[in-house]
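>>> I need the structure of the sequence given here:
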Amino acid sequence: MPTKLVILDRDGVINQDSDEYVKSLDEWIPYPSSITAIARLSQAGWKVAVATNQSGIGRGYYDESTLAAMHDRMLELVDTAGGHIDHVVYCPHVSEDGCDCRKPLPGMLEQIRQALELDSLKGSWMVGDSLRDLQAGNTAGCRPALVRTGKGERTLASHPELNTPADPTQVFDDLAAFVDWLLNGETCP
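Below is the predicted model of the structure:
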């Protein structure tokens, strides 16, 4: 039986994204429907994890304590809504660092697998707003879901092969729509 796990990208899925980076707690603006959706997932028995590229740290735009404040706020909001996020991982590197964690590589998803003591991620979901989120999920054995929030519309426009009969990616307006679909038995969105 597949593990009931949903791995979420952060910027553009849980909170508003910015081409200028989300650099402070004031700039970290959650989508209220995403906070509620995460709570609904955990209340329904799903584990929820977050895997987020945060190259703004490597670029010197903000530091790890600022990122921790954003994540503390995210965890607090989900907890207040009656939910729980089981694990959060981030990659602070820029692509030139040559790490194995920056999406589209699956390193962060492997960290989640290990932290949650899972045999595999097969059957889990990776929900993101960019092609690299989907690629990381596919490599790790997750089922891919793309949301139109954040950079999702741009991703769809530049990759028309997504959500076609040849591609397994499911596409949703936002995280709340994905959760509605998932909790209602995964019929066509």
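>>> now the strands for this protein?
Applying DSSP state E to the chain gives strands spanning 5-8, 47-53, 87-91, 125-128, 143-147, 170-172.
>>> how about these in CSV, adding mean neighbour count?
For every residue, glycine as well, the C-beta is placed using N, CA and C. Output for the strands of the chain, formatted as CSV (neighbours: other Cβ atoms under 10 Å):
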stretch, mean neighbour count
strand 5-8, 26
strand 47-53, 24
strand 87-91, 20
strand 125-128, 28
strand 143-147, 25
strand 170-172, 20
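>>> what's the separation between A115 and S130?
Here the criterion is Cβ to Cβ, to the nearest Å. By it, A115 lies 23 Å from S130.
>>> more neighbours: which of these two?
Between A115 and S130, counted using other Cβ atoms under 10 Å, the more crowded position is S130 (23 against 13).
>>> low pLDDT regions in the protein?
Across the chain, residues meeting the criterion (pLDDT under 70) sit at 1-2, 186-189.
>>> in the protein, which helix has the most residues?
Residue-count comparison of every helix in the chain, with assignments taken from DSSP state H, identifies helix 64-80 as the longest.
>>> I'd like to know which elements it is packed against.
Contact here means 3 or more Cβ pairs under 8 Å, 6 or more residues apart in numbering; DSSP states H and E; on that basis helix 64-80 packs against helix 32-43, strand 87-91.
>>> do that again at 10 Å, thanks
Where contact means 3 or more Cβ pairs under 10 Å, 6 or more residues apart in numbering; DSSP states H and E, helix 64-80 is packed against helix 32-43, strand 47-53, helix 55-58, strand 87-91.
>>> closest one to V147 among those?
In terms of Cβ to Cβ, the element of these nearest to V147 is helix 32-43, at 8.9 Å.
>>> on that earlier part again, in the longest helix of the chain, which residues are buried?
Neighbour counts using 16 or more other Cβ atoms under 10 Å place 66-67, 70-71, 74-75, 77-78 of helix 64-80 among the buried residues.
>>> ditto for stretch 18-26
Residues of stretch 18-26 classed as buried under the neighbour-count rule (16+ other Cβ under 10 Å) are 21-23.
>>> reformat those as JSON lines; add distance to T36.
Rendered in JSON lines, the data for the buried residues of stretch 18-26 read as follows (distance: Cβ to Cβ, whole Å):
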{"residue": "Y21", "distance to T36": "26"}
{"residue": "V22", "distance to T36": "20"}
{"residue": "K23", "distance to T36": "26"}
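>>> tell me the one of the residues you listed nearest R40?
V22 (24.1 Å).
>>> let me see the contact set for that closest one.
Under the criterion of Cβ atoms under 10 Å, 6 or more residues apart in numbering, the contact list for V22 reads 10-12, 15-16, 28-29, 52, 54, 56, 61-62, 66-67, 70.
>>> neighbours of D133, how many?
D133 is surrounded by 31 other residues when neighbours are defined as other Cβ under 10 Å.
>>> against L146, how distant is it?
Going from D133 to L146 by Cβ to Cβ gives 8 Å.
>>> now do the shared contacts for the two.
9, 13, 126-127, 152, 155.
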